[in-house]
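>>> Here's a sequence, model it:
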Amino acid sequence: TWEPLDNLTNCEEAIAAFEQTLGRALPRPALAPPARPGAAPAPIAPAGFTVDAAPPGDLGAALVGRTLLYWWPTDGWQRGTVARLCPRGAFSHVVAYSRQTSALRGTADSLLDAASYGDRWVLLSPAAAAGVERAPPARRSRACNDSRP
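Below is the predicted model of the structure:
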């Protein structure tokens, strides 16, 4: 019987049996390196937002008011807003979370540093509205006494 290769990629015995029946080795797709244990999956921006590729140069007060996603191992990526700078030395900012679960009730002191950007936190920016075009600049009218055509 014929079996798609995609259905066999996780079972080495089935692949070997299929290759033996076929009489040749099958091409194997390159495997992605295994993820670090406990590593966060890539963040997915909520509707109306895009994930910023890199953090801004100023990671201080400039982040206050910005929307972000923060990785919580038990809850996944959670949306929040940077509320203020944190007065405690081990943390940099206080983040207010939108989801009010037992782990994410209200605000949490957080470390928003460049080294953990993309793994533990990412900034969100409003997405451009689809299908919206900017109006062309208004044409200037000539002065009434201008005799040029």
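
>>> elements contacting the longest strand seen in the chain?
Of all segments of type strand in the chain, defined using DSSP state E, the longest is strand 76-85. In terms of contacts (3 or more C-beta pairs under 8 Å, 6 or more residues apart in numbering; DSSP states H and E), strand 76-85 is packed against strand 67-72, strand 93-97. No exception for glycine: its C-beta is placed from N, CA and C like everyone else's.

>>> and those as TSV, adding mean neighbour count, mean pLDDT and distance to residue 41?
Listed next are the helices and strands packed on strand 76-85 as TSV, based on neighbours: other C-beta atoms under 10 Å; pLDDT from 0 to 100; distance: least, C-beta to C-beta, whole Å:
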stretch	mean neighbour count	mean pLDDT	distance to residue 41
strand 67-72	20	91	9
strand 93-97	21	91	19
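
>>> out of those, which comes closest to residue 22?
Residue 22 lies closest to strand 67-72 among those, at 43.7 Å (C-beta to C-beta).

>>> quick one: strands adjacent to the closest one?
strand 76-85 (antiparallel), strand 121-126 (antiparallel) (DSSP bridges).

>>> Flag every buried residue along the top helix by length along the chain.
Secondary structure assigned by DSSP state H gives helix 12-22 as the longest helix of the chain. By 16 or more other C-beta atoms under 10 Å, the buried positions in helix 12-22 come out as 15, 18.
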